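Peer 1: Compute the structure for the input listed below.
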Amino acid sequence: NEELRDRADLLWTLENRPPSGGSFLVTTSREGEDNFGSTMEFIEKVKAPAKVSSIVLDSGGHNFTTWRREIPPALEWLSARLGAD
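Peer 2: Residues are numbered from 1 along each chain as shown. Sure, this is the predicted structure:
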């Protein structure tokens, strides 16, 4: 279904829907990942009021060694956005 595919495509959403107040955290690495270019493209397309933060490593991959380096700053990012009511 084309509508469902578009709704699941964040780049399509950024290009075709009004900006949301969402907050995104993206991670990539300059070497060892295939998604570096598309991640940078995503960062450039995020418009206010949405916000984007990134963790960009010099090298990495889809493995626990990389994730161990990403998890501490990701948890800091997440905890800064969680609030208690």
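
Peer 1: any idea how far the residue most central in space within the chain is from residue 83?
Peer 2: What sits nearest the mean C-alpha location of the chain, by C-alpha atoms, centre = their mean, is residue 26, with 2.4 Å. The gap separating residue 26 from residue 83 is 22 Å, by C-beta to C-beta, to the nearest Å. C-beta coordinates here come from the backbone N, C-alpha and C atoms, glycine included.

Peer 1: Only the buried residues of whichever helix in the chain runs longest, if you could.
Peer 2: Taking DSSP state H as the criterion, the chain has its longest helix at helix 64-81. By neighbour count on 16 or more other C-beta atoms under 10 Å, the buried set for helix 64-81 is 66, 69, 70.

Peer 1: Same check on stretch 48-60?
Peer 2: Result for stretch 48-60 [16+ other C-beta under 10 Å]: buried residues 52, 53, 55, 57, 60.

Peer 1: thinking residue 21 is in contact with residue 48, fair?
Peer 2: No. With contacts counted by C-beta atoms under 8 Å, residue 21 stays clear of residue 48, the gap being 9.0 Å.

Peer 1: picking that back up, dump the buried residues of stretch 48-60 to CSV, plus pLDDT and secondary structure.
Peer 2: Putting these into CSV (pLDDT from 0 to 100; DSSP: H, G, I helix; E, B strand; the rest coil) gives the following:
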residue, pLDDT, secondary structure
52, 97, strand
53, 98, strand
55, 97, strand
57, 97, strand
60, 94, coil
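
Peer 1: between those residues, which is nearest residue 40?
Peer 2: Checking the buried residues of stretch 48-60 against residue 40 by C-beta to C-beta gives residue 52 as the nearest, at 10.8 Å.

Peer 1: and that closest one, what does it touch?
Peer 2: For residue 52, the contact set (C-beta atoms under 8 Å, 6 or more residues apart in numbering) comprises 23, 24, 25, 26, 42, 43, 46.
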